[in-house]
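**Student:** Got a predicted structure plus its sequence, pasted below:
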Amino acid sequence: MRNQKDFTIPHCLPFLDGVYLVINTVPDLAVVIDSPSCALLKAERVQGNHDFLATLSPLKNNRLYYSSADLSSLSMGVEDKYVASLKEADKNPTISRIVSTAISMAIITDRQYDMIHEEIKDQLQHPITEVPSRELYGDWLDGYKDTLAALAKDLPLDTKDGGDNSNKVGIVGYMMDRNEGDHIGNLEELKRIISALGLELVSVWPCGEPTDKLAQIGQAGTIISLPYGRKAAQIISRRNDAKLIDAPLPLGLDKTKEFVSIIAEACGKQDIAERFIAEEEKQILPKLNWIIPQTFLDKKIAISGDPYTVEGLADVVEFLGAEAMALFCSSRAEHAENEWSKKFGVEPIFEPTAVKMQTTFEDLERNDNLDILIGESTALIGMKNSSLLLVEFGVPSFFAHYFLPTPFLGYRGFEGLVQRMLNSISILDFINYDQ
């Protein structure tokens with residue numbers, strides 16, 4: 001969202017970042033980018049910055065390749081450099097598949113990648129999955145979703161064993177943006193919830209495991225679709241002849257309850273789900289009796305992130321008695337699945353520029369209407385001249401890292417998220433104690 005005089009950078013990562021996130025968490029995939037060497041530099045946002053445990057482009061076993069294309073070779077239709085990069089990736093003994101995509105300066109030449117791949121496939125040991133680039137008009141969520149969809153179409157899947165698979169489920173469209181403990185914790189919590197319903201979780205897409213683990217989703221009789229991979233889930237459910245369930249991101253108590261209830265209803269586990277939800281809430285709610293009135297009540301909070309986390313975080317903020325004062329979404333508006341302005345009383349701002357974020361923060365702080373920001377590292381572009389505290393959450397997170405399981409999804413994730421917010425607000429209260 002920008003006006004004619006605002007040329008500052010929008011708060012939205014590019015298409016290629018989403019591709020990188022998927023490749024980083026599937027350790028036997030290589031990616032070839034038809035681009036100059038800047039493709040390698042762009043990966044640094046993930047490798048060693050957002051993800052301290054990244055495996056995308058380490059010093060050893062690099063899985064990122066680029067064609068070193070330049071304007072001259074692209075404009076003249078020279079394919080040698082791109083083909084050479086595919087052959088170089090093919091030599092990597094640790095991979096099972098090559099994923100290919102391109103940056104904007106390559107796709108405007110209308111290079112026919114499918115024809116190139118068909119011509120050289122007999123010269124390669126590994127198959128190629130093409131992710132048609134939307135660098136010119138897509139964003140990082142498009143890159144993530146499109147990569148999952150391309151893999152859903154191309155990856156071989158396990159076949160069902162012929163027995164009863166009605167209790168076997170798979171999750172497609174999880175946002176595993178790094179290999180650190182926050183996502184290890186989320187995967188453990190998802191498995192715990194599914195198991196509590198009397199179901200078996202056979203695979204999560206993606207989950208930090210190689211493609212043979214992803215292939216196990218072929219055993220699932222039910223596919224649970226999450227927002228980051230709706231199209232991929234549809235493709236897999238058709239290939240599996242499996243039931244498809246569209247579920248929300250289980251971020252916060254309300255969304256987790258909805259997540260559990262939707263799955264339980266589809267799988268005939270309603271009675272089990274009701275008991276499970278009641279027991280989980282019985283364990284959690286008493287812990288909030290003190291901290292809600294003492295710490296969270298009437299706090300003014302801004303939220304920044306992708307639309308699915310922003311919606312979940314706004315639910316959490318409201319549940320804790322605080323108020324969401326500004327909602328910034330680091331993606332195109334087309335990704336949002338729900339209308340929030342009526343729900344939260346705040347109009348979300350998609351792809352906000354640095355100037356828009358900065359003026360919004362300044363206006364809110366001027367009227368003492370803002371205490372903390374929950375959001376990504378890149379939200380700091382709007383915090384110039386601001387004294388706000390940042391609870392770092394989302395993509396990218398350059399300063400908050402987790403080696404032990406530290407979930408933010410599900411019931412245990414709700415407690416972990418409240419803990420993060422509580423500690424930051426307590427620091428804020430201490431800073432403001434004598435003011």
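**Tutor:** That came through fine. Numbers count the residues shown, from 1 in each chain.
**Student:** show me where the stretch 1-150 of the chain has strands.
**Tutor:** 29-34, 64-66, 97-102, 128-130 (DSSP state E, counting those that start in this stretch).
**Student:** Turn those strands into CSV, columns for distance to Cys329.
**Tutor:** Every C-beta, even on glycine, is put in place using the N, C-alpha and C of the backbone. Formatted as CSV, the strands of the stretch 1-150 of the chain follow (distance: least, Cβ to Cβ, whole Å):
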stretch, distance to Cys329
strand 29-34, 27
strand 64-66, 28
strand 97-102, 24
strand 128-130, 29
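**Student:** deepest of these, which one?
**Tutor:** Using mean count of other Cβ atoms under 10 Å, the stretch among the strands of the stretch 1-150 of the chain with the largest mean neighbour count is strand 29-34, at a mean of 27.
**Student:** quick one: the closest residue to Ala302 other than its chain neighbours from Pro10, how far?
**Tutor:** Excluding the flanking residues, the one nearest Ala302 by Cβ to Cβ, 6 or more residues apart in numbering is Ala326, at 4.2 Å. To Pro10, Ala326 is 16 Å away according to Cβ to Cβ, to the nearest Å.
**Student:** Compare neighbour counts for these two and give me the winner.
**Tutor:** The neighbour count for Ala326 versus Pro10, taken as other Cβ atoms under 10 Å, is higher for Ala326 (23 against 18).
**Student:** Contact partners for that one?
**Tutor:** Ala302, Ile303, Val346, Ile349, Thr360, Phe361, Leu364, Leu370 (Cβ atoms under 8 Å, 6 or more residues apart in numbering).
**Student:** From Leu64, how far off is the fourth one?
**Tutor:** Relative to Leu64, Ile349 is positioned 33 Å away (Cβ to Cβ).
**Student:** just for this protein, where's the confidence low?
**Tutor:** 1-4, 59, 75-77, 341, 382-387, 429-435 (pLDDT under 70).
**Student:** List the buried residues for stretch 397-415?
**Tutor:** Neighbour-count burial for stretch 397-415, counted by 16 or more other Cβ atoms under 10 Å, picks out 397, 400-402, 405-415.
**Student:** quick one: stretch 165-174 to chain centroid distance?
**Tutor:** Distance of stretch 165-174 from the chain centroid (Cα atoms, centre = their mean, to the nearest Å) equals 19 Å.
**Student:** ok, residues contacting that stretch?
**Tutor:** Contacts for stretch 165-174 (Cβ under 8 Å, 6+ apart): 145, 148, 152, 186-187, 190, 194, 198-207, 216-217, 219-230, 232-233, 236, 242, 263, 267.
**Student:** Can you pick out the ones from the residues you listed that are in helices?
**Tutor:** 145, 148, 152, 186-187, 190, 194, 230, 232-233, 236, 263, 267 (DSSP state H).
**Student:** Quick one: these as TSV, columns for neighbour count and distance to Thr211 too.
**Tutor:** Output for the ones in helices among the contacts of stretch 165-174, formatted as TSV (neighbours: other Cβ atoms under 10 Å; distance: Cβ to Cβ, whole Å):
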residue	neighbour count	distance to Thr211
Lys145	22	18
Leu148	29	12
Ala152	25	12
Asn186	26	21
Leu187	20	17
Leu190	23	20
Ile194	22	22
Arg230	18	21
Ala232	26	14
Ala233	29	17
Ile236	29	13
Ile263	22	25
Cys267	22	27
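**Student:** Among those residues, which one lies nearest to Glu88?
**Tutor:** If you rank the ones in helices among the contacts of stretch 165-174 by distance to Glu88 using Cβ to Cβ, Leu148 comes first, at 25.2 Å.
**Student:** So the closest one sits against Trp205, correct?
**Tutor:** Yes: the pair Leu148 and Trp205 qualifies as a contact (Cβ atoms under 8 Å) at a distance of 6.2 Å.
**Student:** joint contacts of the two?
**Tutor:** Going by Cβ under 8 Å, 6+ apart, residues that sit against Leu148 and also against Trp205 are Val172, Gly173, Gly229, Ala232.
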